[in-house]
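Asker: Here you go, sequence then predicted model.
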Amino acid sequence: MYTLLHNPIADMYGTNFLLLYGTVIITTLLLCGRLVQDPTKNQPLPLIPAEPDPYEIAYLRSQETGVAHLVLFNLIQQGYLQVSKQSIIQAPSHPDTSNLEPIKRQVFDKFSIPATANTSLWMATQCVKSFSVAHKEQLDNQELLYSPKWQERNITVGLIGATIIFSLGAYKLLIALGKGRYNVGFLIVMGVLSIIYLLWFVSKRSHLSHLGKRYLQQLQSTFKQLRETSLVNNNLLVLALFGVESLAGTAYNAYYKAFFPPTYSTTSSRSSSYSSSSCSSGNSCSSGSSCSSGSSCSSGSSCGGGCGGCGGGGD
């Protein structure tokens with residue numbers, strides 16, 4: 001017991017301990033930072049296939065949401081669905097649904113009632129989850145997605161680091177309080193903030209591995225020309241690689257606007273309405289603008305120049 005209460009750390013002066021504690025915190029953070037690095041960082045990039053699978057690329061970029069966008073867009077292309085302002089509905093004279101693939105038929109059936117763009121995307125995303133499993137497994141095998149095993153290891157590293165920081169800080173805090181020293185605010189702040197940062201750092205991650213990010217960038221760079229030229233034969237691939245934004249200004253601009261409606265029209269409408277209202281109230285003269293028998297105009301006759309003075313009222 002005596003050793004716990006009297007040792008170099010327990011007897012260390014406050015300022016000196018804070019320097020030591022800061023050094024321990026920085027060292028722990030740096031060490032944890034090295035241990036949680038992505039294991040695919042130095043791996044070579046996979047070869048780009050001659051005919052990339054748009055659905056696999058869509059999952060790589062945006063997971064199930066990207067696949068759902070492709071299914072919806074493809075159904076619109078084939079005439080089964082159509083965009084109506086901010087909603088997606090079944091086309092009145094759509095082709096025979098017996099020719100549809102099961103996943104597309106399942107999505108199509110969801111639109112027996114019109115739905116807003118965001119609701120449509122949510123419904124389609126729920127439908128394609130089982131369909132996307134095969135793409136996820138394929139990408140996992142290539143280590144293009146961040147593995148849950150790596151994340152579990154990162155969390156373990158973070159918890160060990162947080163335990164080191166907490167144990168040293170809590171030990172010194174108890175010693176200080178036991179000796180009647182209560183100027184420990186800075187010690188608490190250092191410990192709490194460093195632990196919060198460390199746990200945040202080891203918890204944050206993209207769904208892509210480092211290799212996956214580089215591979216997606218390589219795909220986007222390789223097929224960039226498709227986006228800049230036309231969407232005629234490669235629209236699904238372009239949508240998979242660059243997202244809905246790639247459809248802006250094309251023949252499928254309506255699909256883009258359904259998910260990214262212009263905001264200027266609402267603002268302009270409100271501004272115009274406000275201006276009209278102000279002008280109306282400012283230019284109309286009330287009955288008080290008429291001249292009284294005393295030839296002087298009442299205060300209501302001032303309408304910003306919209307009404308003339310009280311002519312002839314001086315007789």
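Answerer: All right, it came through fine.

Asker: what about Gln82, helix or strand, and which?
Answerer: Assigned by DSSP states H and E, Gln82 belongs to strand 81-84.

Asker: Quick check: closest non-adjacent residue to Ile188.
Answerer: The shortest distance from Ile188 to any non-neighbouring residue, by C-beta to C-beta, 6 or more residues apart in numbering, is to Leu173 (7.0 Å). Heads up, the C-betas are built off the backbone N, CA and C, glycines and all.

Asker: That neighbour looks like it's in a helix, true?
Answerer: Yes. Assigned with DSSP: H, G, I helix; E, B strand; the rest coil, Leu173 falls within a helix.

Asker: dump the residue contacts of it.
Answerer: Contacts for Leu173 (C-beta atoms under 8 Å, 6 or more residues apart in numbering) come out as 184, 187-188.

Asker: Surely Phe17 touches Ile9?
Answerer: Yes. If you go by C-beta atoms under 8 Å, Phe17 and Ile9 touch, sitting 7.1 Å apart.

Asker: ok, those two, which is more surrounded?
Answerer: Neighbours per residue, other C-beta atoms under 10 Å: of Phe17 and Ile9, the larger number sits with Phe17, 20 against 14.

Asker: Please read off the pLDDT at the more buried one from the model.
Answerer: Per-residue pLDDT puts Phe17 at 90.

Asker: tell me the contacts of it?
Answerer: For Phe17, the contacting residues are 9, 172, 187, by C-beta under 8 Å, 6+ apart.

Asker: Next, Gln37: secondary structure please.
Answerer: coil.

Asker: Got the domain ranges for this structure?
Answerer: Using automatic domain parsing, the domain parsing of the chain gives 2-35+147-203, 54-146+208-258.

Asker: Just put those in JSON lines and tack on distance to Pro44.
Answerer: Formatted as JSON lines, the domains of the chain follow (distance: least, C-beta to C-beta, whole Å):
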{"stretch": "domain 2-35+147-203", "distance to Pro44": "18"}
{"stretch": "domain 54-146+208-258", "distance to Pro44": "9"}
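
Asker: Can you say which of those domains is packed in most?
Answerer: Each of the domains of the chain was scored by mean neighbour count; the highest is domain 54-146+208-258, a mean of 17, by mean count of other C-beta atoms under 10 Å.

Asker: Now the terminal residues of that domain, how far apart.
Answerer: End-to-end distance for domain 54-146+208-258, by C-alpha to C-alpha, to the nearest Å: 22 Å.

Asker: mind checking the SS state of the residue nearest to the spatial centre of the chain?
Answerer: With distances taken as C-alpha atoms, centre = their mean, Ser62 lies nearest the centre of the chain, 11.3 Å away. Following three-state DSSP, Ser62 is assigned to helix.

Asker: per-residue confidence for it?
Answerer: 93.

Asker: Any regions of the stretch 151-300 of the chain where pLDDT drops low?
Answerer: The stretch 151-300 of the chain contains residues with pLDDT under 70 at 228-234, 263-300.

Asker: So which residues of it form strands?
Answerer: Counting by DSSP state E, counting those that start in this stretch, one finds no strands in the stretch 151-300 of the chain.

Asker: so what sits against both of Phe17 and Ile9?
Answerer: The contact lists of Phe17 and Ile9 share Lys172, where a contact means C-beta under 8 Å, 6+ apart.
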